[in-house]
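> have a look at this fold, sequence not included:
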């Protein structure tokens, strides 16, 4: 497996583990040929997630759709060292921007 694919796969696994710890069920989109890497389900709620991993300070997400078939799509970026943040597609993803993944999941679960 190429390094970049392995890096992406490991980031997806890390995000899935965190989602599972918060009670979400996830399905990995094999091959990642579409916009969503993960389909995430929790108590009748469905989120689509595109997982990115970078060692840079910023990442642009302008080519990712806002939603697919009416389900919201979010970009989750692993900046390393436990810094995993959530962004809306089109936002410039920076190390200090967005929302930490755990905080995002708690806010989603509390909004019901």
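That came through, no problem. Owing to the predicted nature of the structure, the values given are computational and were not obtained by experimental measurement. Numbering: from 1, shown residues only.

> phi and psi next, for the residue sitting nearest the centre point of the chain.
Centroid-nearest residue in the chain: residue 76, 2.9 Å away (criterion: Cα atoms, centre = their mean). When read as degrees, to the nearest 10, the backbone of residue 76 gives phi -110, psi 120.

> look up phi and psi at the nearest residue to residue 73 once chain neighbours are set aside.
Closest residue in space to residue 73, ignoring its immediate chain neighbours: residue 48 at 4.4 Å, by Cβ to Cβ, 6 or more residues apart in numbering. To be clear about C-beta, it is placed using only N, CA and C from the backbone, and glycine gets the same treatment. The phi/psi pair for residue 48 (degrees, to the nearest 10) reads phi -110, psi 140.

> quick one: contacts for residue 48?
Shown in contact with residue 48 (Cβ atoms under 8 Å, 6 or more residues apart in numbering): 35-36, 38-40, 67-68, 71-74.

> among these, list the two that are farthest apart in space.
38 and 67 (14.9 Å; Cβ to Cβ).

> neighbour count: those two, which is higher?
The residue with more neighbours, out of residue 38 and residue 67, is residue 38; 21 against 12, by other Cβ atoms under 10 Å.

> identify the bridge partners of that one.
Residue 38 has these beta-bridge partners by DSSP bridges: residue 28, residue 49.

> now do it against residue 52, distance only.
According to Cβ to Cβ, to the nearest Å, residue 38 and residue 52 sit 12 Å apart.

> and what of residue 2?
Counting by Cβ to Cβ, the gap from residue 2 to residue 52 is 16 Å.

> what pLDDT does the closest residue in space to residue 16 that isn't next to it in sequence get?
What sits nearest to residue 16 in space, not counting adjacent residues and going by Cβ to Cβ, 6+ apart, is residue 26, at 4.9 Å. Listed pLDDT for residue 26 reads 97.
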